[in-house]
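Trainee: I'll drop the sequence and a predicted model, then ask my questions.
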Amino acid sequence: MAKIAFLGAGMMGQPIIRNFLRGGHAVTVYNRTLDKARPLEALGAVLAPTPKEAATGADVIISSLTNDDASKVTWNGPDGALQAEPKPGAYAIEMSTVSLTWVSELNELAKARGLHFLDCPVAGRPDVAEAGQLKVFAGGSAADVDALRPVLDAISKSVMHVGGVGRGITFKLIYNVMGAIQVAACAEGMQACEAAGIDIAVAAEGFSTGATGSPHVARHSRYMAENSHEDPVQFSGSMRIKDMAYGIQLIEDAGGQSVIGHAAKQVFEQMVELGMGDLNDSELIDTLRVVHKKDRA
């Protein structure tokens, strides 16, 4: 079993940590607000006041954080995890959905400290994380990915080796842009049906079971039809914008285009402008209802 330092005990971090503990791993946890991680102590986790202390002596250091800024200070701040004396042969894993630019920089920083580095962002919401059914998109050498499979298997149903370092986050960002486009299209279609006088419960069934169906469409159309959005919030409109900003930048830097991505991002930006950015992404339909009402006024 591995000695794991886990940085970030938020909505995704906590269920991931619980699964590591259930799998018999020893876990030391750092969270910016340490009191939020207290429930994990009862399950056997050790809490550390700084990332550096959490990482000291760890076999594997993993972060699950909000964005580039949070990741940078947690890894490379004055008391960051990279300031700890590395254990020979230890691994650093970035699980956060951050930018490719930062992952590339973090890789160099980790290597300079003698650490093996992988970017392993995950797909799945907190309920999927709790069930240990996440999908891991792993970027790194085949040898490093294989060495970490016993750790990653404790939290996931599949580990997809996408390629070398940086390919994990590259795929995840493109994946999330596609997902956000589906949510925006679902909200637009559902609101259009409603405006045209179609029962949106019927519309949800049609969209979900027809050629337009996908897990995203099935999940979100049901919440939109029932007006019973997830509580607590699983994936907010603001978080969609953050991921899309990183993803669209990556796509365009690679020489691609993201015309539909930009359009979907603009719809989520309307959600934020209306003060709804901290709500579930499925509540995007309410943004479109407001905009529709204004347009017809």
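Mentor: Structure received.
Trainee: distance of the closest residue to Ala184 other than its chain neighbours from Met178?
Mentor: Nearest residue to Ala184 in three dimensions, chain neighbours excluded: Ala264, at 3.9 Å (CB to CB, 6 or more residues apart in numbering). In short, each C-beta sits where N, CA and C put it, glycine included. Per CB to CB, to the nearest Å, Ala264 is found 10 Å from Met178.
Trainee: between those two, tell me which one has more neighbours.
Mentor: Between Ala264 and Met178, counting by other CB atoms under 10 Å, Ala264 is the more crowded of the two (27 against 15).
Trainee: what does the helix or strand hosting that one rub up against?
Mentor: Ala264 belongs to helix 259-273 when assigned by DSSP states H and E. Contacting residues not belonging to helix 259-273 are listed as 177, 180-181, 183-185, 187-188, 237-238, 240-241, 244-245, 247-248, 251, 277, 279, 281, 283-284, 287-288, 291 [CB atoms under 8 Å, 6 or more residues apart in numbering].
Trainee: where does pLDDT dip in the stretch 1-150 of the chain?
Mentor: Judged against pLDDT under 70, the stretch 1-150 of the chain has no low-scoring part.
Trainee: could you pull out the helices for this protein?
Mentor: Assigned by DSSP state H, the chain shows helices spanning 13-22, 38-41, 51-55, 68-76, 100-112, 126-130, 142-152, 167-195, 200-209, 215-226, 237-253, 259-273, 284-296.
Trainee: looking at those, which is nearest to Thr28?
Mentor: helix 51-55 (4.8 Å; CB to CB).
Trainee: for the residue nearest the centre of the chain, what are phi and psi?
Mentor: Nearest residue to the geometric centre of the chain (CA atoms, centre = their mean): Thr97, 5.0 Å. Here is the backbone geometry of Thr97 (degrees, to the nearest 10): phi -90, psi 90.
Trainee: just the helices of the chain: most buried one?
Mentor: Of all the helices of the chain, helix 51-55 has the most neighbours on average by mean count of other CB atoms under 10 Å, namely a mean of 25.
Trainee: before we move on, the earlier item: now the angle from the helix holding Ala264 to helix 167-195?
Mentor: Helix 259-273 runs at 70 degrees relative to helix 167-195, counting by axes from the mean of the first three to the mean of the last three CA atoms, to 10 degrees.
Trainee: and the residue nearest to Ala184, how far from Glu283?
Mentor: Separation of Ala264 from Glu283 (CB to CB): 15 Å.
Trainee: before we move on, what about Ser63?
Mentor: Distance, Ser63 to Glu283, by CB to CB: 29 Å.
Trainee: what of Glu188?
Mentor: Taking CB to CB, one finds Glu188 at 14 Å from Glu283.
Trainee: and what of Lys36?
Mentor: Plainly put, Lys36 is 25 Å away from Glu283 if you go by CB to CB.
Trainee: among the two, which residue is more densely surrounded?
Mentor: Glu283 (21 against 13).
Trainee: quick one, what contacts the more buried one?
Mentor: By CB under 8 Å, 6+ apart, the contact list for Glu283 reads His229, Gly237, Met271, Met276.
Trainee: kindly report the same for Phe235.
Mentor: Here Phe235 is in contact with Arg125, Asn280, Asp281 (criterion: CB under 8 Å, 6+ apart).
Trainee: Gly23 too?
Mentor: Per CB under 8 Å, 6+ apart, neighbours of Gly23: Met1, Ala154.
Trainee: same thing but at 6 Å, please
Mentor: Taking CB atoms under 6 Å, 6 or more residues apart in numbering as the criterion, Gly23 is in contact with Ala154.
Trainee: need phi/psi at it.
Mentor: Phi and psi for Gly23, reported as degrees, to the nearest 10, are phi -80, psi 0.
Trainee: what pLDDT is listed against Ala297?
Mentor: At Ala297, the pLDDT value in this model is 59.
Trainee: good, we can wrap up now.
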